[in-house]
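Engineer: sequence and computational prediction follow.
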Amino acid sequence: MSRRNTVGYLAAFAVVGVTVVPLLFVLLGGFRTTAQINSSPAGLPSPWVWDNYREVLTSPVFWRLLGNSALIAVIATTLAVALGSMAAFALSRYAFRGREAFYTLFTLGLLFPLGVAALPLYLWLRQLGMLENPLGVAIPEAAFSLPITIVILRPFMHAIPGELEDAALLDGAAKLGFFWRILLPLSRPALMTVSVLAFVSSWNFFLLPLLVFNDSTNFTLPLGVAMFQSEHSEDTAKVLAFTALSMIPALTFFVLAERRMVGGLTGSVKG
């Protein structure tokens with residue numbers, strides 16, 4: 001084994017350790033009692049305690065938070081993918097003055113921090129009457145997902161041969177027909193990639209729901225975790241169980257779509 005491979009494996013093990021060990025600590029901590037965690041923080045459950053997960057799963061609060069997060073994530077993902085794919089189509093298949101300037105503008109959006117826009121965004125949503133409304137969170141989340149969506153989709157769509165578009169036009173298809181019937185199906189790996197990124201990003205958003213929601217019945221899971229932690233600050237094991245269950249939906253979605261996500265990123269880079 002060469003020295004370069006050894007360094008690569010060590011780096012991979014370090015990344016896995018930094019990523020997986022905290023997840024295992026949270027997951028296994030939910031199967032312990034707070035007394036066990038205090039006496040041996042890095043220990044394994046002995047005996048295994050199922051009450052923490054059972055109480056969280058039978059709590060209507062957890063399922064309400066889960067439903068709120070799922071609703072907002074689905075809306076934000078749908079908007080980001082739909083609008084991003086149309087913008088990427090125009091920026092990749094049409095030649096017009098200022099095209100690269102528009103693309104550069106979207107690219108610069110990757111550098112725009114949410115914290116800078118927090119106050120004007122809150123004032124704007126209040127004027128529109130969108131506070132305590134899921135759309136008041138989903139629409140800004142979709143807007144913040146648009147830059148990465150366009151950056152990934154545009155080179156992917158640009159790499160699709162122009163001969164296919166010419167053949168479709170000769171067969172009587174309009175530009176929108178080519179986009180809907182040919183370009184989108186061929187861009188499925190990239191669409192899966194941006195869908196996963198938009199969904200996971202929306203699921204993990206904390207600041208936007210915090211700005212928009214004041215009523216706890218509208219809270220998403222990240223806000224619910226913070227609320228649950230403040231209410232059960234002395235029961236560490238139950239907090240870990242709640243946190244572990246709140247991570248599972250996004251992690252599951254990410255793992256199931258990982259292979260297609262890698263394919264979409266590969267095609268985007270080649271494009």
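Structural biologist: Happy to help now that I have it. Predicted, not measured: the structure shown is a model, and the values here were computed from it.
Engineer: so what's the backbone phi/psi at Thr58?
Structural biologist: phi -90, psi 0 (degrees, to the nearest 10).
Engineer: for Ala241, see how far away it is.
Structural biologist: In this structure, Thr58 and Ala241 are 12 Å apart, going by C-beta to C-beta, to the nearest Å. The C-beta positions use only the backbone N, C-alpha and C, and glycine is treated the same way.
Engineer: the more surrounded of those two?
Structural biologist: Counted by other C-beta atoms under 10 Å, Thr58 and Ala241 do not tie: Ala241 has more neighbours, with 27 against 9.
Engineer: that one against Val56, yeah?
Structural biologist: Yes: in terms of C-beta atoms under 8 Å, Ala241 counts as a neighbour of Val56; the distance is 5.3 Å.
Engineer: so how far is Leu123 from the residue nearest the centre of the chain?
Structural biologist: With distances taken as C-alpha atoms, centre = their mean, Val200 lies nearest the centre of the chain, 1.8 Å away. Note on Val200: its distance to Leu123, by C-beta to C-beta, is 28 Å.
Engineer: with Ala35 instead?
Structural biologist: Ala35 sits at a distance of 48 Å from Leu123 (criterion: C-beta to C-beta).
Engineer: next: Ser46.
Structural biologist: Ser46 is 53 Å from Leu123, by C-beta to C-beta.
Engineer: and what of Val74?
Structural biologist: 27 Å.
Engineer: compare these two and say which is more crowded by neighbours.
Structural biologist: Val74 (13 against 10).
Engineer: mind telling me what element Asn52 is part of?
Structural biologist: Secondary structure from DSSP states H and E places Asn52 in helix 51-57.
Engineer: one step back: please name the residues that touch the residue nearest to the centre of the chain.
Structural biologist: By C-beta atoms under 8 Å, 6 or more residues apart in numbering, the residues touching Val200 are Ala250, Phe253, Phe254.
Engineer: helix or strand: which one has it?
Structural biologist: In this assignment (DSSP H and E), Val200 forms part of helix 188-204.
Engineer: after that helix, next one along is what?
Structural biologist: Counting by DSSP H and E, the next helix or strand C-terminal to helix 188-204 is helix 207-212.
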